[in-house]
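*Asks:* here's my sequence, what's the structure:
(2 chains)
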Amino acid sequence: MHLTSKEERILKGEEGFGRQKAIELLVALGDIYGAKRLVPISSAQVSGASFKTVGDAGIKFIEDFSSEAHVSVRASVNPLGMDVLRWRSMGIDERFKEKQMRIVRAYASMGLEPLYSCTPYLAGNRPRAGQHIAWAESSATVFANSVLGALTNREGGPSALAAAVIGKTAEYGLHLIENRLPSVQIDVESIPQGSVPLLGYVVGRIAGNRIPYITNLTLTNDEHKSFGAAMAATSAVSMYLYGRPGVRSKIDTSRIEECVSLPESELKECQDSLSGDDSWDLVAIGCPHCSTQELRRMARTLDGKRPRKDCNVWFCTSRKAYANAPDAVKTLKRFGKVLCDTCMVVAPIEKMFKRTASDSGKAMVYLPTLGKQRATFRTTDQLLEAISR
Amino acid sequence: MAKGAVLASSIPLSFLGGVDPKTGRILDPECECRGKSVSKTVLAFPYGKGSTVGSYSMYQLKILNASPAAIVNTIAEPIVATGAIIAGIPMIDGIDVSLLRTSDKAIVDAESGTLELRNVEEKQVVTNILRHKGKILLLQRSLEVGSYRGLWAGVSGFIEPGEAPKVAAKRELEEEVSLKNARMARSIDPQSFRDGDVVWTVHSFLFDVRDPQVSIDWEHQGYEWVSPEDVGRFPTVPGLQKIVCKLLS
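*Replies:* The predicted structure follows:
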């Protein structure tokens, strides 16, 4: 790997121990993947922020590292294990809160932006097309590559942090144009109402580690958000390409080695396999975090209705969207908790609930594993109907 | 530079879930090292798997003084590489970990990317596979040779100090089966096999011969021309079948 003289100096430790460790990590990963150099990034998104996922080992590392290093580009942080303000009403205990706050303080002291969201692109950190970034949150990585046209690999937590400190990342994988071509084509027949997350779930399984090209996909940005999150959760791929009906595609399809047609029946099968039953302790909406528009749309649907009292409800969102839609938040709060900074995937949900229903394809992957939940998929509208009368 | 006894796993490991982050004990039920501690060992496994949180778990092991002295991988993978760097554990890759055995005495030099086994000797040998009309020659080693007596092999022998493998190959042909001008058809990258405290690094060559008549010396007690697929039916020296397969593919 070729390093500039400045990078060599950092590697030798002339700019301090923290920066030395950071560049060592980037160079080692670059060597593994055959990168030729480091490429400057415009922003980073750091995962590994919830005490639940990083544990005592993570706290130790983040605290130790934070005393040695500071970020040199814009960098934001993934969701935490709790709402920083309303942790107690969420059911978080004092011990968890103390550990979580140590992580919060350590990241803050390094200069990371406290967005605590998996949707940094909706919360203030939105890259432009063609910009190199180092993002670690899998759902955000997919959105940045596929919808925004930025270039990023799915970084690990420590490598995104190292990239934030150096302001560069190793140039391999999706940072190279030639690696951003699809190798599997998927023809989607039609998508039943509310099933976009399931489509992502199924597409991810088909794609595996190949970039898929979905020939006819007309989605809103909010739908892209939930589609990509589910796809990233069931696959190792961090990008998809799509064509819209009636628009001539400019996508280079020369490397496509397989075409798959995805009938509606397959989505129905997937829905059946995830449909669980109707007894839930928790209804969780907002994986990825709800956008301002999604909060408003749900509030409109629920307007004039009364809540059912037999079920806990979490609406998870970013602090930015929360602030943008105060009226919608007010309505939603009659039906459940509107939580910021966290979500059902990274909160210690297993200490509070056993059965969770969600409208998220990504959550269907992580709730049963990381969250130890019996998970049930329902569309957003089905969930809103279930929690109101 | 790190020293330690090897702990060798034949399967990929995850530091999240697969290893107890407090004691370093291996928890993975599928691993032959289950129950043993990675602490202070030269931990050898093919490659890492699992969640990125595994990187942090390696750091935790280091802090608790329960981390491996070094890590040896066949293929480096980002989670383990990340963990090794943040924890400051020397790590090398590109080593065929199937050549390592638990309790080998290892010295790892991460700077130069090398591994030395103090209890293991590497021996450089050539083995020649002779081919005639689709059949290959197997020789049965006599009871007077120093190793693998009675087993079947190609035309093989030690490479002398300073000798090129190709030269050694032709010399052995002449010495053992009195062949002077066989045509070399192919050679492959050296293959290594572990047997006890010896790693045999075998430089293999394929020769075409016109005359199936061979005369053997004291090192052998018999020979046979066989179909390549029948090699597996003979009790052979280690790795012969793999070498034949590679030479003929």
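*Asks:* surely residue A:23 is within a helix?
*Replies:* Yes - membership of residue A:23 in a helix is supported by DSSP: H, G, I helix; E, B strand; the rest coil.
*Asks:* separation between the residue lying closest to it once chain neighbours are set aside and chain B?
*Replies:* In space, residue A:23 comes closest to residue A:10 once its chain neighbours are excluded; the distance is 4.7 Å by C-beta to C-beta, 6 or more residues apart in numbering or on different chains. For every residue, glycine as well, the C-beta is placed using N, CA and C. Computed with C-beta to the nearest C-beta, to the nearest Å, the distance linking residue A:10 and chain B is 14 Å.
*Asks:* which intervals of the stretch 201-350 of chain A have sub-threshold pLDDT?
*Replies:* Applying pLDDT under 70 to the stretch 201-350 of chain A picks out no residues at all.
*Asks:* returning to that earlier point: which neighbouring elements make contact with the helix or strand where the residue nearest to residue A:23 lies?
*Replies:* Using DSSP states H and E, residue A:10 maps to helix A:5-11. Judged by 3 or more C-beta pairs under 8 Å, 6 or more residues apart in numbering or on different chains; DSSP states H and E, the packing partners of helix A:5-11 are helix A:17-33.
*Asks:* sorry, back to before: can you list contacts of the helix holding residue A:10?
*Replies:* A:3, A:15, A:19, A:20, A:22, A:23, A:24, A:27, A:38, A:166, A:168 (C-beta atoms under 8 Å, 6 or more residues apart in numbering or on different chains).
*Asks:* which bits of chain B sit near chain A?
*Replies:* Applying C-beta under 8 Å from any C-beta of the partner chain, we find that chain B lies next to chain A at B:21, B:52-53, B:55-57, B:59-60, B:63, B:76-79, B:81-82, B:85-86.
*Asks:* mind doing that once more with 10 Å?
*Replies:* B:15-16, B:21-22, B:51-64, B:75-88, B:91, B:93 (C-beta under 10 Å from any C-beta of the partner chain).
*Asks:* quick one: buried ones out of those residues?
*Replies:* B:15-16, B:21, B:51-62, B:64, B:76-87, B:91, B:93 (16 or more other C-beta atoms under 10 Å in any protein chain shown).
*Asks:* residue B:36 versus the residue of chain B found nearest chain A, what's the distance?
*Replies:* Nearest to chain A in chain B, going by C-beta to the nearest C-beta, is residue B:60, at a distance of 3.0 Å. Distance of residue B:60 to residue B:36, computed by C-beta to C-beta, to the nearest Å: 18 Å.
*Asks:* now swap in residue A:61 and tell me
*Replies:* 25 Å.
*Asks:* touching, residue B:150 and residue B:139? I think so.
*Replies:* No - the criterion here is C-beta atoms under 10 Å, and residue B:150 misses it with residue B:139 at 11.4 Å.
*Asks:* so what sits against both of those two?
*Replies:* B:221, B:222 (C-beta atoms under 10 Å, 6 or more residues apart in numbering or on different chains).
*Asks:* these two: which has the busier surroundings?
*Replies:* Under the criterion of other C-beta atoms under 10 Å in any protein chain shown, the comparison of residue B:150 against residue B:139 puts residue B:139 first, with 22 against 12.
*Asks:* that's a strand at that one, yeah?
*Replies:* Yes - Residue B:139 forms part of a strand when assessed by three-state DSSP.
*Asks:* my guess is it meets residue B:215, correct?
*Replies:* No - under the criterion of C-beta under 10 Å, residue B:139 makes no contact with residue B:215, lying 11.5 Å away.
*Asks:* overlap in contacts, the two.
*Replies:* With C-beta under 10 Å, 6+ apart, residue B:139 and residue B:215 have common neighbours B:176, B:177, B:223.
*Asks:* break chain A into its domains for me.
*Replies:* A:5-177, A:181-272, A:275-386 (automatic domain parsing).
*Asks:* ok, which of these comes nearest residue B:188?
*Replies:* domain A:5-177 (24.5 Å; C-beta to C-beta).
*Asks:* nearest residue to the middle of chain A?
*Replies:* Centrality entry for chain A: nearest residue to the mean C-alpha point is residue A:139, 3.3 Å, by C-alpha atoms, centre = their mean.
*Asks:* the residue in chain A that chain B sits nearest to: which element?
*Replies:* Proximity of chain A to chain B (C-beta to the nearest C-beta) peaks at residue A:57, 3.0 Å away. Assigned by DSSP H and E, residue A:57 belongs to helix A:51-66.
*Asks:* what's downstream of that helix, the next helix or strand?
*Replies:* Scanning onward from helix A:51-66 (DSSP H and E), the first element met is strand A:74-77.
*Asks:* how far away from the center of its chain is that following strand?
*Replies:* Mean C-alpha position of strand A:74-77 versus that of the full chain (C-alpha atoms, centre = their mean, to the nearest Å) differs by 14 Å.
*Asks:* ok, now stretch B:205-214?
*Replies:* The answer for stretch B:205-214 is 28 Å, by C-alpha atoms, centre = their mean.
*Asks:* for stretch B:11-26, same thing?
*Replies:* 26 Å.
*Asks:* start and end of that stretch, how far apart?
*Replies:* 12 Å (C-alpha to C-alpha, to the nearest Å).
*Asks:* buried stuff in it?
*Replies:* For stretch B:11-26, by 16+ other C-beta under 10 Å, it's B:12, B:13, B:14, B:15, B:16, B:18, B:19, B:21, B:24, B:25, B:26.
*Asks:* between these, which is closest to residue A:148?
*Replies:* Nearest to residue A:148 among these, with distances taken as C-beta to C-beta, is residue B:16, at 30.8 Å.
*Asks:* surely residue B:60 is within a strand?
*Replies:* No - counting by three-state DSSP, residue B:60 is not found in a strand; it is helix.
*Asks:* give me the neighbour count for residue B:177.
*Replies:* Neighbour tally, residue B:177, other C-beta under 10 Å: 22.
*Asks:* would you confirm that it contacts residue B:157?
*Replies:* No - Residue B:177 is not in contact with residue B:157 according to C-beta under 10 Å; the separation is 11.3 Å.
*Asks:* joint contacts of the two?
*Replies:* B:128, B:219.
*Asks:* quick one, the helix holding residue A:57 and helix A:17-33 angle?
*Replies:* 120 degrees (axes from the mean of the first three to the mean of the last three C-alpha atoms, to 10 degrees).
*Asks:* just how off-centre is helix A:51-66 within its chain?
*Replies:* Per C-alpha atoms, centre = their mean, the centroid offset for helix A:51-66 relative to its chain is 20 Å.
*Asks:* strands along the chain, start to end?
*Replies:* Just so you know, I chose chain A. For chain A, the strands defined by DSSP state E occupy A:38-40, A:43-46, A:74-77, A:133-135, A:168-170, A:184-188, A:212-214, A:241-242, A:258-262, A:282-290, A:312-317, A:337-340, A:355-358, A:374-377.
*Asks:* chain B, not that one
*Replies:* Going by DSSP E, chain B shows strands at B:2-8, B:42-45, B:70-73, B:91-92, B:105-109, B:114-117, B:121-132, B:135-141, B:152-153, B:155-158, B:183-187, B:191-195, B:198-208, B:220-226.
*Asks:* just those strands: most buried one?
*Replies:* strand B:42-45 (a mean of 28; mean count of other C-beta atoms under 10 Å in any protein chain shown).
*Asks:* for that strand, what is the average pLDDT?
*Replies:* What strand B:42-45 shows for mean pLDDT is 97.
*Asks:* now for that strand, which elements pack on it?
*Replies:* When contacts are defined as 3 or more C-beta pairs under 10 Å, 6 or more residues apart in numbering or on different chains; DSSP states H and E, strand B:42-45 packs onto strand B:2-8, strand B:70-73, strand B:91-92, strand B:105-109, strand B:114-117.
*Asks:* now do stretch A:374-389, average pLDDT.
*Replies:* Stretch A:374-389 carries an average pLDDT of 96.
*Asks:* what's the lengthiest helix in chain B packed up against?
*Replies:* The longest helix of chain B (DSSP state H) is helix B:165-177. For helix B:165-177, the elements it packs on are strand B:121-132, strand B:135-141, strand B:155-158, strand B:183-187, strand B:198-208, strand B:220-226, judged by 3+ C-beta pairs under 10 Å, 6+ apart.
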